[in-house]
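Engineer: no FASTA, just this:
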């Protein structure tokens, strides 16, 4: 039931994003054409095209793309002025301009600007006007398009997105804790389903979810002009690392043929740890308790059989994996800025 609720929320989120993008493109393109016509610019419809091509998914993407389009406009205009009037065939000149701009775009990573530059170059070729007035006309088409795109991309459902992200964080924490408890139950001999089937499927499903959550965190980060909001992206990255560590832990556990008596103690610790898979927990206390568990295991009498030796060794590796699980959270906390600590942890 809970999984169905998560899927429903995800679908709703996707439809909201698609609807908002469609509205921004439609309104922005129409407004750009209206403004260009009001200014009596030639090829006014191209302002709408520039807006359409500039309304991207996030604020930072729009800012970057807009700056690139303005810079490449001047490069395209310079190439058009230098090549098109002086060549016997304007079509050949147009091809050379596009060739140079394509090469430059590939080298500089400016592919998104190529379509707009093609439109501008086509205008120069059709009009065969290279006066300051016409260059100004073309510049205004680009400027109107990118300004409207920038203004429209100031509007995002950030408050709603933040609530969704926090909900995703709680979901990831609950699933990690659930997997830890299932592994503990297996060590205690309480697991009814084969560990390598049930837990492995849950780990894979959670990994996929966490990648989606990271993308949501990245999008949220790119839709704000504050620089500390990479918190959510880093948080989901940390949880993804922990999830992968549980995959390694699962591999160790399913290879145990003879469960040592110390497994009960390890299972108790895993159940204890599951209660602290929360956002604001500093795992220092859990790490101290784990080190005590390591020390206690070293004091145990030596194994008396090969199977017992192998089981004890695998159990020791399980504890090492759990230690790595805690270290990922410790590293995440250590990398928090003062502002992030104040905003998210105080």
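Structural biologist: That came through, no problem. None of these values were measured; they are calculated from a predicted model.
Engineer: for the helix or strand where residue 251 lies, list every residue counted as buried.
Structural biologist: Assigned by DSSP states H and E, residue 251 falls within helix 231-254. Buried residues in helix 231-254, counting neighbours by 16 or more other Cβ atoms under 10 Å, are found at 231-250, 252-254. Just so you know, the C-beta spots here come from the backbone N, C-alpha and C atoms, and that holds for glycine as well.
Engineer: for the helix or strand encompassing residue 125, packing partners?
Structural biologist: Assigned by DSSP H and E, residue 125 falls within helix 114-127. Packing partners of helix 114-127 (3 or more Cβ pairs under 8 Å, 6 or more residues apart in numbering; DSSP states H and E): helix 45-54, helix 59-83, helix 90-108, helix 132-152.
Engineer: how about these, which one is nearest residue 222?
Structural biologist: helix 59-83 (4.4 Å; Cβ to Cβ).
Engineer: distance from the chain centre to the closest one, please.
Structural biologist: With Cα atoms, centre = their mean, to the nearest Å as the basis, helix 59-83 stands 27 Å off its chain's centre.
Engineer: going forward, count from 276.
Structural biologist: With 276 as the first residue, the last one maps to helix 334-358.
Engineer: list the buried ones in it?
Structural biologist: Quick answer for helix 334-358 (16+ other Cβ under 10 Å): 334, 336-338, 340-341, 343-344, 347-348, 350-352, 354-355, 358.
Engineer: for the residues you listed, work out which two are farthest apart.
Structural biologist: Greatest spatial distance among these (Cβ to Cβ): 334 and 358, at 36.0 Å.
Engineer: hmm, back to that, on contacts alone, who are the packing partners of the helix holding residue 526?
Structural biologist: Counting contacts by 3+ Cβ pairs under 8 Å, 6+ apart, helix 506-529 packs against helix 433-462, helix 470-497, helix 581-609.
Engineer: excluding chain neighbours, give the residue nearest to residue 606 in space.
Structural biologist: Nearest non-adjacent residue to residue 606, counting by Cβ to Cβ, 6 or more residues apart in numbering: residue 513, 7.5 Å away.
Engineer: list the contacts for that neighbour?
Structural biologist: Neighbouring residues of residue 513 by Cβ atoms under 8 Å, 6 or more residues apart in numbering: 603, 604, 606, 607.
Engineer: nearest residue to the last one in space, please, no chain neighbours.
Structural biologist: Think residue 607. Closest to residue 607 by Cβ to Cβ, 6+ apart is residue 513, at 4.2 Å.
Engineer: where in the stretch 376-525 of the chain is pLDDT low?
Structural biologist: Residues of the stretch 376-525 of the chain meeting the criterion pLDDT under 70: 431-435, 465-472, 500-504.
Engineer: would you convert the helices and strands packed on helix 389-402 into CSV that also reports distance to residue 474?
Structural biologist: Listed next are the helices and strands packed on helix 389-402 as CSV, based on distance: least, Cβ to Cβ, whole Å:
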stretch, distance to residue 474
helix 320-329, 47
helix 334-358, 38
helix 365-383, 46
helix 407-427, 46
